[in-house]
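Student: Generate a structure from the sequence data that follows.
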Amino acid sequence: EQITTTGDKLGLATRTISAIDSRGLDKNGNSITDVPQFAEFVSEINAASPGDDNLPIELGESGFLWYEVLEVIPERQKPFEEVSDEVKEAWISVETDKAVKGVAQEIAKRLEAGEAFNPVLADILPTDSLGQAITSSTSEPLSRSAQSAEFPSVAVGAGFGTELASVGTIAIGENREIVF
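Tutor: The predicted structure follows:
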């Protein structure tokens, strides 16, 4: 409150952030990133206590960021009802990732055993909620320096890092695997 009053008297812009945690999230879990020197700001406010005289954060040649902590709200364990949707989403994501990885490893194992690519896919790939087979795609031939949204450089590197005529898999994001 003291900073707001002083800022108003001097014609300086002030802003009140009602709550921010040690990760820089507000009370609704949204990121508050439109603060200069954000990482330093979060670190400093989490080290401060109400009533402290805090040193301002230097903003290079553009000025300083003064801050004041009015209240520290103790951390609490959220009740399950508050986080049940997040827990469900996280669990589904983890289980889907395990299933995708398992399918990719089974495809790789059967290809390594000498089975043909298309029949293995037809046999293994599951169907979606509408009963449609989950699709796969085959890339164009790649060079060591190739990369695209579908084939990031880490996947290309993993492919070129295996022995000739070998099969492998690599995760390239949430619930996505490449078999090469």
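Student: Only C-alpha atoms from now on, for both contacts and neighbour counts.
Tutor: Fine.
Student: For the chain, which segments are assigned as helices?
Tutor: Ranges of helices within the chain are 2-10, 38-47, 80-112, 117-124, 153-160, based on DSSP state H.
Student: Turn the ones you listed into JSON lines, columns for distance to residue 176 and mean neighbour count.
Tutor: Shown next, in JSON lines, are the helices of the chain (distance: least, CA to CA, whole Å; neighbours: other CA atoms under 10 Å):
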{"stretch": "helix 2-10", "distance to residue 176": "49", "mean neighbour count": "12"}
{"stretch": "helix 38-47", "distance to residue 176": "31", "mean neighbour count": "15"}
{"stretch": "helix 80-112", "distance to residue 176": "7", "mean neighbour count": "15"}
{"stretch": "helix 117-124", "distance to residue 176": "15", "mean neighbour count": "13"}
{"stretch": "helix 153-160", "distance to residue 176": "11", "mean neighbour count": "17"}
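Student: Reformat the ones you listed as CSV; add distance to residue 56.
Tutor: Shown next, in CSV, are the helices of the chain (distance: least, CA to CA, whole Å):
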stretch, distance to residue 56
helix 2-10, 11
helix 38-47, 10
helix 80-112, 36
helix 117-124, 60
helix 153-160, 42
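Student: Which one, of the ones you listed, ends up nearest to residue 174?
Tutor: helix 80-112 (6.7 Å; CA to CA).
Student: For the closest one, name the packing helices and strands.
Tutor: For helix 80-112, the packing partners by 3 or more CA pairs under 8 Å, 6 or more residues apart in numbering; DSSP states H and E come out as helix 117-124, strand 169-171, strand 177-179.
Student: sorry, back to before: same list (the helices of the chain) but as TSV, adding mean pLDDT.
Tutor: Conversion of the helices of the chain to TSV gives the following (pLDDT from 0 to 100):
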stretch	mean pLDDT
helix 2-10	86
helix 38-47	90
helix 80-112	92
helix 117-124	87
helix 153-160	86
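Student: of those helices, which approaches residue 27 most closely?
Tutor: helix 80-112 (12.3 Å).
Student: picking up where we left off before, tell me which of the helices and strands packed on helix 80-112 approaches residue 155 most closely.
Tutor: That would be strand 169-171 among these, by CA to CA, at 6.5 Å.
Student: returning to that earlier point: mind putting the helices and strands packed on helix 80-112 into JSON lines with distance to residue 44?
Tutor: Below are the helices and strands packed on helix 80-112 laid out as JSON lines (distance: least, CA to CA, whole Å):
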{"stretch": "helix 117-124", "distance to residue 44": "53"}
{"stretch": "strand 169-171", "distance to residue 44": "37"}
{"stretch": "strand 177-179", "distance to residue 44": "41"}
